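*Asks:* Fold the following.
(one chain, ligands or ions: 2)
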Amino acid sequence: MKKSVLYSITLSIIFSLFACTSSVKKSDTSPEIKNIILLIGDGMGLANVSAALTVSSEPLNFERFNFIGFSRTQSLTDYITDSAAGGIALSSGVKTKNGVLGQNTSGNNFRSILELAEDNGLSTGIVSTSSVTHATPASFISHNNSRYNYEEIALDFLKTDIDIFIGGGIDHFFNRSDGLNLWDSLIARGYEVDTTLDAVLSSSASKIAGLTASVHNPYQSKGRGDMLSKSSEKAIDILSKNPAGFFLMIEGSQIDWGGHANDQLNTIQETLDFDKAIGKALDFAEKDGHTLVIVTADHETGGISITGGNEELHSVELTFSTKGHTGIMVPVYAFGPGAENFGGIYENTSIFDKMKKLLGL
Ligand code: MG
Ligand code: ZN
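*Replies:* Ligands and ions are numbered 1, 2, ... in the order given. All right, here's what the predicted structure looks like:
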């Protein structure tokens, strides 16, 4: 009798110890990943980030990441990718032809990480400074044989359950060449439609179509203000109400345009503005503990070198080698649970593969 009581006490101690250590282990070493915030600096190479670090008198949010890797950006057909093939590689894990969105060379559609997240009950969102119909955001939502079919791409937004999208593109939704006005269709699908940033920011709706410019928002230096970081914060606020989790893509679209224009001021300014949006994502992820933040680019633009600079004066001198994109690897920064998977050198498509696996989709 005594022996069997002692035996059962010993057993229960062993079991409770086991239960205790296993639960501690789980939360300490691999907290569940519920949310992913993917930030894409269109055309952002290492020179943009280096220049921004020198120009800024404050530390940048780029410095808060502890896992950094490199992504190879070549497309299926071209050594130098465009933003559609680059976007699709990141959104859908497929190397495809330049210019095409969400379709393989036979014209068959494949699903993006945003669509897979929707299928699995996660909330989803897109924020960009360009029109939301432009190649990078469209890569997450559209299936079209040309990135330039902006009005058809706008229609693709109505085929999804995306919870919030903020960017330019009023003309592609409400001022279309085919005479269609998508306002009522958006309302019918449960969206509050807002056409100013103030309306978006003061909204209490849970589903928002926020179109803040007729096509693209202006450069940050030309009056866009804090549209990107404020929109990012708003999107995080809305999406994080879903206990099942969320996927959010935030694009600093116009770093690329500064590169194409060989415009030193704007390519750096847009990178600094993008850094503020990164800060909003990291602040949320630090508090939340279940959010993975990934920052990368679809490709580099401008072939930028830093050919001079002064640390005390916070100044740099950039030299551009092209008006187009280049084939150099781009950095990938990761923070939060699962971030350790993003060290090393890999193809752009494997960023999708890693996200899909980590979200369990
Ligand atoms: Mg873009
Ligand atoms: Zn470009």
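*Asks:* tell me which parts of the stretch 201-350 of the chain are close to ligand 1?
*Replies:* With CB under 5 Å from the ion as the criterion, the stretch 201-350 of the chain meets ligand 1 at residues residue 253. The C-beta positions use only the backbone N, C-alpha and C, and glycine is treated the same way.
*Asks:* what do you get if the cut-off is 8 Å, keeping everything else the same?
*Replies:* Residues of the stretch 201-350 of the chain lying close to ligand 1 by CB under 8 Å from the ion are 251, 253, 256, 298.
*Asks:* Could I get the contacting residues of the residue of the chain at minimum distance from ligand 1?
*Replies:* Going by CB to the ion, ligand 1 is nearest to residue 136 of the chain, at 3.1 Å. Listed by CB atoms under 8 Å, 6 or more residues apart in numbering, the contact set of residue 136 reads 40, 42, 83, 86-87, 128, 130, 251, 253, 298.
*Asks:* How about residue 343?
*Replies:* 67-69.
*Asks:* cool, and residue 108?
*Replies:* Counted by CB under 8 Å, 6+ apart, residue 108 has zero contacts.
*Asks:* picking up where we left off before, out of the contacts of residue 343, which end up buried?
*Replies:* 67, 69 (16 or more other CB atoms under 10 Å).
*Asks:* From the contacts of residue 343, pick the one nearest residue 234.
*Replies:* Of all the contacts of residue 343, residue 67 has the smallest distance to residue 234: 27.3 Å, by CB to CB.
*Asks:* ok, the closest one touching residue 338?
*Replies:* No - using CB atoms under 8 Å, residue 67 is not in contact with residue 338; the gap is 9.3 Å.
*Asks:* part of a helix, is the residue of the chain closest to ligand 1?
*Replies:* Yes - counting by DSSP: H, G, I helix; E, B strand; the rest coil, residue 136 is part of a helix.
*Asks:* Report pLDDT for it.
*Replies:* We have a pLDDT of 97 for residue 136.
*Asks:* For residue 309, see how far away it is.
*Replies:* Using CB to CB, to the nearest Å, residue 136 is found at 29 Å from residue 309.
*Asks:* so who does residue 55 touch?
*Replies:* Contacts of residue 55 by CB under 8 Å, 6+ apart are 268, 272, 314-316.
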